[in-house]
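>>> next one to model:
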Amino acid sequence: MQIYPSPQPVVPVRRIRYFIFLKDIFVLAVTTFGGVQVHLAMMLDRLVTKRRYLTEAELLELYALCQVLPGPTSTQTITAIGFKIGGPNLAYLSLLVWVMPSVLIMTAAAIGVYYLERHHLSLHFARFIQPMAVGLLIVAGYRIGRKVVTNRLTLLLTAVAALAAYIFRSPYMTPIVIACGGVITGLTYQKQEKMAKTPLRIQWANFFLWLGVLIVAALLGHFTRLLPVRLFENFYRNGSLVFGGGQVLTPILYNEFVAFKHYLTREEFLTGFGLVQAIPGPVFAFASYIGALSMRGDGFHGQLLGSLVSTAGIFLPGTFLIFFVYRFWGQLKQYRPVRASLEGINAASTGLTAAAAVALFEPMAPHWPSVAVVLATILLLEFTRTPAYWLILGGLALGVVF
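Numbers count the residues shown, from 1 in each chain. Model prediction:
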């Protein structure tokens, strides 16, 4: 009697490929320092050149699409690549793998800061980080401005947005300023090149999901007054409005959580902002730090809950929107007003960054050591190739030594 070996389970090749893809995303999550431009370069190297998940042209097109959507550009690009390769399930897994390392680090940083404060231990080791963070924000605003302020209209929009945000320090100014900027330049669409048009075929499910979560969160936050619900709504709203990445998000969060609601002190905010520059992954993980400190009064578990709802709130809108727009982006960009509005949105975002930089620098102005650190940070970033994370790590080291 001949005995045949029992058949071995066959693991689908596609599943193995998805696992390798997620492993590559994790490698990027723990090694990509330096912001969205560096993230793109490393995505090109690992996902295109080494693995060939997609072509360079496909990656650059996805990146361009994510740049014109609100939300974290790098995170949306990673999510869109996962969607392209394996659909919604792989996209959500890609999102989790990409954000988890930086979220855990920033949550731990918030818990550590609160521990030091509760035990009356000094945060003086971070004294160089705070003015360095202001220097980073000034340089980021300047670099963004050089790209988006290209004519008198965008210069005027930037100045008006900065003045409005500086005078009226309310989170409600953010959507107003951004919307006005987009509408004003959208009216100048005649300057845009005409493109051949095809009828739009829109699948609305993810749009209604995005809008539904926004409305339900706002209503629940208003009627329940529960802090976790309000934190989720705050970050979800901000994540739905931020164009231009993490550097533009920073002034919006400062206005809402420091200047307006006083959930954090200015020193705590700047310490967190400096630290998030020194870790790999998305700058939007700063939300995890803010959420954890906002719920410090509820103990350790409250801090974890604050981090969780804030992280979900800041990253979900961009994910829903990329799922929605990705399917018809090729048709949408044919319309000139859509392309023209991006100019005003970017100019208004630059103005918001400038207003936040001024507001953060004002208390430091009378103290020459802080001013010196701000100026040194600006000069090192502009005239050397020193990465921002090395500056932050060096500032931490100096703070500990001295």
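>>> what's near enough to touch the residue nearest to Phe286 when sequence neighbours are not counted?
Ranked by C-beta to C-beta, 6 or more residues apart in numbering and with sequence neighbours excluded, the top spatial neighbour of Phe286 is Val276, at 4.5 Å. (Each C-beta comes from the backbone N, C-alpha and C, glycine too.) By C-beta atoms under 8 Å, 6 or more residues apart in numbering, the contact list for Val276 reads 102, 106, 246, 283, 285-286, 289.
>>> and Gln2, what's its pLDDT?
We have a pLDDT of 48 for Gln2.
>>> now swap in Val48 and tell me
So Val48 comes in at 87 (pLDDT).
>>> tally of neighbours for it?
18 (other C-beta atoms under 10 Å).
>>> that one against Ala57, yeah?
No: when contacts are counted by C-beta atoms under 8 Å, Val48 is not listed as touching Ala57 (9.5 Å).
>>> low-scoring stretches of the stretch 51-200 of the chain, by residue?
Along the stretch 51-200 of the chain, the model assigns pLDDT under 70 to residues 64, 67-68, 121-126, 170-172, 196-197.
>>> just the helices in it please.
In the stretch 51-200 of the chain, the segments counted as helices under DSSP state H, counting those that start in this stretch are 56-67, 73-118, 129-148, 152-167, 173-186.
>>> would TSV of the ones you listed with mean neighbour count and distance to His262 be doable?
As requested, those are arranged in TSV below (neighbours: other C-beta atoms under 10 Å; distance: least, C-beta to C-beta, whole Å):
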stretch	mean neighbour count	distance to His262
helix 56-67	17	33
helix 73-118	21	15
helix 129-148	22	18
helix 152-167	18	18
helix 173-186	20	17
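>>> who wins for proximity to Gly306 among these?
Gly306 lies closest, by C-beta to C-beta, to one member of the helices of the stretch 51-200 of the chain: helix 73-118, at 8.3 Å.
>>> show me what that closest one is packed against.
Packing partners of helix 73-118 (3 or more C-beta pairs under 8 Å, 6 or more residues apart in numbering; DSSP states H and E): helix 13-31, helix 36-43, helix 56-67, helix 266-276, helix 286-294, helix 299-326.
>>> please identify the most buried of these.
Greatest average neighbour count among the helices and strands packed on helix 73-118 goes to helix 286-294 (a mean of 29), per mean count of other C-beta atoms under 10 Å.
>>> of all the helices and strands packed on helix 73-118, which one is nearest Ala354?
Between those, helix 266-276 lies closest to Ala354; by C-beta to C-beta that is 16.1 Å.
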